[in-house]
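A.B. asks: one predicted model, sequence on top.
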Amino acid sequence: MYPPPRKDFIALNLGDPHSHAYNNGKHRRQSCWRRWKQLSRLQRSLILFLLALLLILALLSYPSITEQWRGLSDKEDWLEVNDRGLNMVPPGLKPVLRPAEGKPPAPVAGPHLEPAEGPPDTMEPRGPNIPALAKPPTKRKPFLNKRASPSPQKDAANPDAVSEAKQNPEVVLKEAGEEEEENEKKIVSWRGAMIEAEQATEPPPSANEKEAVEPQAPANPAATVPQQVSPGTPERLEAVRDAFRHAWKAYKEYAWGHDELKPISKSFSEWFGLGLTLIDSLDTMWILGLKEEFAEARSWVEKELSFDKNVDVNLFETTIRILGGLLSCYHLTGDQLFLDKAKDIGSRLMPAFKTPSKIPFSDVNIGKGTAHPPRWTADSTLAEVTSIQLEFRELSHITQDPQYQDAANEVMRLVHKLPGKHDGLVPMFINTNSGQFSHKGVFTLGARADSYYEYLLKQWIQGGKTEDDLLEDYLQAIEGVKKHLVRQTGPGRLTFVGELSHNRFNPKMDHLVCFLPGTLALGAHNGLPGDHMDLAVQLMETCHQMYKQMETGLSPEIAHFSLQASDGHDVIVKPADRHNLLRPETLESLFYMFRFTKDSKYRDWGWDILQSFNKYTKVSGGGYTSINNVRDPANPGPRDKMESFFLGETLKYLYLLFTDDLELLSLDKYVFNTEAHPLPIWPSPPK
Ligand code: DMJ
């Protein structure tokens with residue numbers, strides 16, 4: 001027989017302050033024990049089970065709680081993120097089994113196929129590196145980067161491609177690279193950056209060592225571009241067009257209308273399911289004069305592109321790539337189709353701004369009209385919420401509908417007056433409920449903060465240099481950068497921009513930071529202090545060295561720098577940072593630097609980078625791929641992914657760097673958004 005449960009058991013355990021037991025510890029202990037003994041075995045088991053459960057829960061939540069308390073760890077563990085949000089594959093979107101199904105329509109003549117010198121006549125006066133952000137360390141096991149790695153499901157959908165790929169030497173290289181990667185404790189971070197907690201360092205080789213690792217033959221059979229192409233302007237421009245055509249050929253054949261090409265497996269991957277590469281590439285084709293390709297793509301936009309889809313998209317990425325791409329295309333061509341599409345996607349993104357703080361959520365369902373933050377946090381990334389303004393402001397300017405600019409400007413207004421900045425430097429996260437910065441104490445010009453600084457200056461320029469708060473924040477931030485983040489290496493006196501983590505300097509620089517020389521130069525060109533240009537020149541040299549000192553001539557995703565003269569090497573690359581995603585930032589800055597200085601060395605540096613892309617990332621049969629290891633020319637490790645920004649930005653900036661037509665997209669008439677889509681500078685200040 002089990003005794004009946006005691007009615008006072010609960011009160012006792014809650015520690016009723018009025019009870020005798022509460023006031024007398026000894027008596028309470030005795031009384032507790034007696035009462036415990038009186039419980040049935042079942043009751044005791046149940047209580048013990050609940051206590052054990054509570055203990056486990058407490059242990060599990062301990063690291064994330066302490067993480068919040070003590071701020072972010074020095075080891076960048078907090079960058080364990082994946083920049084593509086939560087819904088990588090939109091529901092209902094399946095890979096195409098047979099590439100032929102996705103073949104593009106026959107070319108049609110689009111309107112205004114001659115590239116326009118400036119905005120169309122009708123333009124005026126029309127008219128603006130997920131995450132979570134701090135995931136708990138309990139998840140710190142290696143996980144697959146859905147962006148960068150081929151999905152087994154999708155590969156299975158295209159078995160031919162897989163077996164074909166297996167016979168391809170490039171894929172053998174890739175598999176070797178993957179194996180190697182699995183041995184590394186790797187964490188995928190914002191925009192594909194890999195962060196590893198305990199990383200061995202890998203200094204660059206000496207000149208002799210470097211020679212020793214040069215491959216006897218090109219690792220990539222597609223490396224057919226002659227090494228001695230004449231550096232004359234027409235040849236260089238044609239080489240960029242060739243690169244575009246080569247990439248486009250594979251996109252058209254294997255990924256037409258899908259988000260990204262997987263050039264090795266001759267397949268595609270979806271992110272939002274909106275033809276991301278196609279839209280991101282439209283204005284590049286226009287600028288490069290690729291009329292046929294442009295006409296085919298326009299026809300797809302007209303006949304196939306629909307935003308009426310039950311799909312979650314990332315507000316920032318959709319704004320900079322799709323809204324920005326459509327707006328810029330409208331300005332270049334005057335074609336109403338692009339404006340209609342821009343209005344459609346712009347209004348579908350608006351629900352993101354419906355938050356308690358007016359700081360937008362990261363994700364929007366463009367079909368349902370709902371928005372939400374990432375699953376694990378109410379924070380948004382700072383760069384994301386402050387790098388959508390050029391596009392939303394332009395949309396209002398053209399449509400004369402203020403709702404877009406009002407929402408976007410409000411974010412800037414809030415951030416402008418927010419406490420928690422450090423001499424103009426901003427934390428990387430902001431809470432959508434409170435509107436306050438979160439995870440304070442970490443300052444970077446790289447992933448998660450980068451384009452905040454870029455857009456301060458560019459909005460000021462877009463609006464005719466009249467919005468003083470933007471200028472004030474920008475100038476203060478650059479002073480903060482100079483004071484806290486700029487250092488020189490010991491061995492070669494290279495100037496770089498490091499990071500600050502709870503007052504500790506970390507000599508680490510993302511390749512993303514290489515946007516900064518261009519932005520600083522743009523500011524100086526617009527009348528800001530001359531020392532901004534001096535810093536731009538120095539940082540440009542460093543970004544160039546990040547390519548030049550690598551065996552492939554391609555920059556790693558992240559570089560560390562030696563502060564000690566005795567170290568011997570300026571640039572150090574950790575194993576997890578050796579990948580290259582075909583990013584544009586260095587070429588972007590080279591374009592600005594050449595436009596403002598006319599120094600031909602910047603063109604030569606860009607030319608070297610194009611040669612290296614052709615040698616190590618060009619895939620035979622079509623496409624370019626991101627690679628795993630910029631230190632290993634014999635086995636760069638193709639990743640089977642061509643990011644949309646390779647066509648949207650990288651090749652566009654190369655073309656603009658090489659053209660002698662310095663009025664083509666003049667920097668006094670256009671401001672480029674952070675995805676290289678040119679938008680007009682307004683002739684009169686915003687109202
Ligand atoms: C692009 O989407 C944009 O340039 C963005 O600002 C940063 N990341 C990629 C390119 O690296």
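C.D. replies: It's in.
A.B. asks: and the average pLDDT for the helix or strand hosting Asp608 is what?
C.D. replies: Using DSSP states H and E, the element containing Asp608 is helix 600-616. Average pLDDT, helix 600-616: 98.
A.B. asks: next SSE downstream of that helix?
C.D. replies: Next along from helix 600-616, by DSSP H and E: helix 644-645.
A.B. asks: which secondary structure elements does the helix or strand containing Ile398 contact?
C.D. replies: Assigning secondary structure by DSSP H and E places Ile398 in helix 389-399. In terms of contacts (3 or more Cβ pairs under 8 Å, 6 or more residues apart in numbering; DSSP states H and E), helix 389-399 is packed against helix 324-333, helix 336-349, helix 403-416, helix 450-462, strand 678-680. Bear in mind the C-beta positions are built from the backbone N, C-alpha and C, glycine included.
A.B. asks: tell me which parts of the stretch 301-450 of the chain are close to the ligand?
C.D. replies: Contact residues, the stretch 301-450 of the chain versus the ligand (Cβ under 6 Å from any ligand atom): none.
A.B. asks: now do the stretch 451-600 of the chain
C.D. replies: Residues of the stretch 451-600 of the chain that fall close to the ligand, judged by Cβ under 6 Å from any ligand atom: Ser451, Leu512, Arg583, Pro584, Glu585.
A.B. asks: retrieve the pLDDT associated with Ser644.
C.D. replies: Ser644 is assigned a predicted lDDT (pLDDT) of 99.
A.B. asks: how about Leu54?
C.D. replies: At Leu54 the predicted local distance difference test score is 81.
A.B. asks: pLDDT on stretch 404-421, on average?
C.D. replies: Mean predicted confidence for stretch 404-421 is 98.
A.B. asks: next: stretch 457-470.
C.D. replies: Computed over stretch 457-470, the mean pLDDT rounds to 98.
A.B. asks: kindly report the same for stretch 375-383.
C.D. replies: Per-residue pLDDT values over stretch 375-383 give a mean of 97.
A.B. asks: can you show me the CA trace of that stretch as CSV?
C.D. replies: Once non-C-alpha atoms are left out, stretch 375-383 reads as follows in CSV (Å, rounded to 0.1, in the frame of the first residue of the first chain):
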residue,chain,number,x,y,z
ARG,A,375,14.4,31.1,-35.2
TRP,A,376,16.8,31.6,-32.3
THR,A,377,16.8,35.3,-31.7
ALA,A,378,15.0,38.5,-32.0
ASP,A,379,18.1,40.3,-33.2
SER,A,380,18.8,41.5,-36.7
THR,A,381,22.2,42.0,-38.2
LEU,A,382,23.2,45.6,-38.1
ALA,A,383,24.6,45.7,-41.7
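A.B. asks: quick check: buried residues in that stretch?
C.D. replies: Thr377, Ala378, Asp379, Ser380, Thr381, Leu382, Ala383 (16 or more other Cβ atoms under 10 Å).
A.B. asks: skipping adjacent residues, who's closest to the fifth one in space?
C.D. replies: Counting by Cβ to Cβ, 6 or more residues apart in numbering, Arg448 is the residue found nearest to Thr381 once chain neighbours are left out, at 4.9 Å.
A.B. asks: is the one you found located within a strand, as I assumed?
C.D. replies: No: read with DSSP: H, G, I helix; E, B strand; the rest coil, Arg448 is coil and lies in no strand.
A.B. asks: please look at it and Met428 and confirm they touch.
C.D. replies: Yes: because the distance of 4.1 Å satisfies Cβ atoms under 8 Å, Arg448 is recorded as touching Met428.
A.B. asks: what touches both of these two?
C.D. replies: Any residue near both Arg448 and Met428 by Cβ atoms under 8 Å, 6 or more residues apart in numbering counts here, and that gives Thr381, Leu382, Ala383.
A.B. asks: let me know the closest of those residues to the ligand.
C.D. replies: In terms of Cβ to the nearest ligand atom, no member of the shared contacts of Arg448 and Met428 lies closer to the ligand than Ala383, at 7.6 Å.
A.B. asks: which strands or helices does the host helix or strand of the closest one pack on?
C.D. replies: Secondary structure here is read from DSSP H and E; on that basis Ala383 sits in helix 382-385. Here helix 382-385 is seen to pack against helix 315-317, helix 403-416, strand 429-431, helix 450-462 when contacts are counted using 3+ Cβ pairs under 8 Å, 6+ apart.
A.B. asks: contact partners of it?
C.D. replies: Outside of helix 382-385, the residues within contact range by Cβ under 8 Å, 6+ apart are 314-316, 359-360, 362, 411, 415, 426-430, 437, 447-452.
A.B. asks: mean neighbour count added to the helices and strands packed on helix 382-385, as JSON lines?
C.D. replies: Shown next, in JSON lines, are these (neighbours: other Cβ atoms under 10 Å):
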{"stretch": "helix 315-317", "mean neighbour count": "24"}
{"stretch": "helix 403-416", "mean neighbour count": "19"}
{"stretch": "strand 429-431", "mean neighbour count": "25"}
{"stretch": "helix 450-462", "mean neighbour count": "25"}
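A.B. asks: can you classify Leu42 by secondary structure?
C.D. replies: Three states are possible here, and by three-state DSSP the one that applies to Leu42 is helix.
A.B. asks: for Phe49, see how far away it is.
C.D. replies: Here the criterion is Cβ to Cβ, to the nearest Å. By it, Leu42 lies 10 Å from Phe49.
A.B. asks: pLDDT weak spots in the protein?
C.D. replies: Low-confidence segments of the chain (pLDDT under 70): 1-38, 58-231.
A.B. asks: for the stretch 401-550 of the chain, which residue gets nearest to the ligand?
C.D. replies: Shortest the stretch 401-550 of the chain-to-the ligand distance, computed as Cβ to the nearest ligand atom: residue-wise this is Ser451, at 4.8 Å.
A.B. asks: thinking again about what came up before, which two among the buried residues of stretch 375-383 are spaced furthest apart?
C.D. replies: When those are compared pair by pair using Cβ to Cβ, the farthest-apart members prove to be Ala378 and Ala383, with a separation of 17.3 Å.
A.B. asks: ok and the residue in the stretch 501-650 of the chain nearest the ligand?
C.D. replies: Closest point on the stretch 501-650 of the chain to the ligand, by Cβ to the nearest ligand atom, is Arg583, at 4.0 Å.
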